[in-house]
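K.L.:
Have a look at this prediction, sequence included:
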Amino acid sequence: MQNFRKLKKIAEGAFGIVYKAEDLLTKQIVAIKKIKHEKNEGIPATAFREMDLLQELKHPNIICLIDILIYKGTLNLVLEYIPMDLKKYMDSMTPDTYIDKELVRRYLYQITSATHYCHRNHILHRDLKPQNILIDQNGTIKVADFGLGRSISPRSRVYTHEVVTLWYRAPEILLGSPYYAFSVDIWSVGCIFAEMSTRKPLFRGDSEIDQLFHIFRILKTPTEDIWPGVTSLPDYKATFPCWSSYTLREQLKNINELGIDLLQKMLIYDPFHRFTARDILNHPYFDDLSSTTSE
Ligand code: AMP
């Protein structure tokens, strides 16, 4: 750590602290994520996960792990420094303005490329949200924060339900599905896509049940017809209110017909029918883009 000069604190949370710092040898500006842990408790499992996954994942749209330093019993991840994230970017815009349509398309393509690369390598991110989507000075997306990520085999079952920030959490997790897979990341990317178009989170619940009802109000309360097996999920209740109109289109702004078609397929209730990352990249919404954007 003596080789680094801390410049400023960028963020602080349950995970620890992120600093902007200068590497005194190379003069490179980096971000140092110092993982917090209680005395006697050791380094948290999430930090090991993030470290393992970032060592494995090398992609132009995924944050680059430069080094790992253990200093006075603390784990520090040295990352490439990216000054902006998608949430800060949207918050910095003046009211009643929207992200340029073309930029939304480019950002979505890059977020999906990173997601596709993770899924191809059997890795779930499980916490995709605007705060974790960093944007560099060239407009290149860098997906960050793999603290909740995990590696799964194609047929393995994941049971943990305390994942994914509420607003971006897929309905199968909210309904207590006994297992879930890559489709949970696609739901989150769909929510981010809608939010880029309007600058407002699409489903803004303040509890798990409120989150489900926000989804049902816009996408209709799911039935066995549209999502076979839904009524057997552990947290499904026959007493759920029945919203019967699908109003997704009315929630959106600044998005063309192809974009609406794509978003509808990313927000399909049934996880087995929801688009995959590959399906998204191949959708006509991105025609003429793939040759100009890094995958
Ligand atoms: P994280 O726990 O990785 O989501 O980091 C928390 C916050 O720190 C993010 O929302 C960013 O604002 C900031 N941050 C994380 N990684 C970097 C980075 N490589 N460069 C600049 N800021 C970062």
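P.N.:
Sure thing, it's come through.

K.L.:
Would you map the helices across this protein?
P.N.:
In the chain, the segments counted as helices under DSSP state H are 45-56, 86-91, 101-120, 171-174, 183-198, 208-219, 248-251, 257-266, 277-281.

K.L.:
which residues are in contact with the fourth one?
P.N.:
Outside helix 171-174, the residues that touch it by C-beta atoms under 8 Å, 6 or more residues apart in numbering are 161, 163-164, 180, 183-184, 187, 208, 211-212, 215, 222, 233, 235, 269, 271. No exception for glycine: its C-beta is placed from N, CA and C like everyone else's.

K.L.:
repeat that for 10 Å
P.N.:
Contact partners of helix 171-174, identified using C-beta atoms under 10 Å, 6 or more residues apart in numbering, comprise 126, 158, 160-164, 166, 177-181, 183-184, 187, 203, 205, 208-209, 211-212, 215-216, 219, 222, 227, 229-230, 233, 235-236, 267, 269-272, 274.

K.L.:
same deal with the first one?
P.N.:
Judged by C-beta under 10 Å, 6+ apart, the contacts made with helix 45-56 from elsewhere in the structure are 14-16, 33-37, 42-44, 62-66, 68, 74-77, 79, 118, 121, 123-125, 144-151.

K.L.:
please redo it, this time with the cut-off set to 8 Å
P.N.:
When contacts are defined by C-beta under 8 Å, 6+ apart, helix 45-56 is touched by residues 15, 35, 37, 62-63, 65, 68, 75, 77, 79, 121, 123, 145-151.

K.L.:
Show the buried residues in the residues you listed.
P.N.:
Applying 16 or more other C-beta atoms under 10 Å to the contacts of helix 45-56, the neighbour count classes 15, 35, 62-63, 65, 75, 77, 79, 123, 145-150 as buried.

K.L.:
pLDDT below threshold where in the chain?
P.N.:
Residue ranges of the chain with pLDDT under 70: 39, 153-163, 290-295.

K.L.:
Grab the longest strand from it for me.
P.N.:
strand 4-13 (DSSP state E).

K.L.:
Within the sheet, what are the partner strands of that one, with directions?
P.N.:
For strand 4-13, sheet partners with direction are given as strand 16-23 (antiparallel), following DSSP bridges.

K.L.:
what about the partner strand, distance to the chain center?
P.N.:
Strand 16-23 sits 22 Å away from the centroid of its parent chain (C-alpha atoms, centre = their mean, to the nearest Å).

K.L.:
Perfect, I'm done here.
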